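Visitor: need a structure here:
(one chain, ligands or ions: 1)
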Amino acid sequence: MAILELLYYPDEKLHQASSPVTEFNDELKKLVTDMFETMYADEGIGLAAPQINVFKRIVVIDVVNERKPEDQLVLINPEFISKEGTTGIDEGCLSVPGLRGKVERAEKVTVKAQNLNGEFFEINADGLLAICLQHEIDHLNGKLFIDYLSPLKRNMYRSKAKLLAKERERQKKQQD
Ligand SMILES: [Zn+2]
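Guide: Residues are numbered from 1 along each chain as shown. I've put the predicted structure just below:
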């Protein structure tokens, strides 16, 4: 298991769309294990592969965040079948640290995806899970929650992002 390096806003790569997964092999299983590890290390409830610089349609979610296998959701090549209603909460993102903002989302969603063996399944969700699914699937299409916020809020965050990047750089040097 390994904790992978995250990409951070405003890295342009986060706006790149990801390609479908076609091979369901051991490499994919290992990647998913590492994605969970990376997500838990940062106290996240969801992570999409482009956030770790892998441009494949892979999402991991655990809205309970107690590291129990029964709560872990792996979605390969997820697609919305339906969306209804509207809701919204203050969202955050591991790639956009130190920022939260309200985004309008569908209240209920049905998603079709494949599991690690390539088998198709459907999931109906509402509440936090429905919001998380929309946030993570957005990542696969190169969209971030900050893109929905006002240009003013985005610009204010850009200067904060620069400071955070410097801080990460400094910590990294200390570890070396
Ligand atoms: Zn995110």
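
Visitor: any idea which helix or strand carries residue 75?
Guide: Using DSSP states H and E, residue 75 falls within strand 73-84.

Visitor: quick one: mean pLDDT for that strand?
Guide: Per-residue pLDDT over strand 73-84 has a mean of 98.

Visitor: if we look at the helix or strand following that strand, which residues are touching it?
Guide: With elements assigned by DSSP H and E, the helix or strand that comes after strand 73-84 is strand 87-91. Contacts to strand 87-91, defined as Cβ atoms under 8 Å, 6 or more residues apart in numbering, come from residues 100-107, 128, 130-131, 135, 145. Where you see a C-beta, it was placed from the backbone N, CA and C, and this is true even at glycine.

Visitor: which stretches of this protein form strands?
Guide: For the chain, the strands defined by DSSP state E occupy 46-48, 58-61, 73-84, 87-91, 101-105, 108-114, 120-126.

Visitor: between those, which one is closest to residue 38.
Guide: Closest approach to residue 38 among the strands of the chain (Cβ to Cβ): strand 46-48, 6.3 Å.

Visitor: and the contacts of that closest one?
Guide: Under Cβ under 8 Å, 6+ apart, the answer for strand 46-48 is 18, 35-36, 38-39, 58-63, 94, 132, 135-137, 139-140.

Visitor: now, those residues that are in helices?
Guide: 35-36, 38-39, 132, 135-137, 139-140 (DSSP state H).
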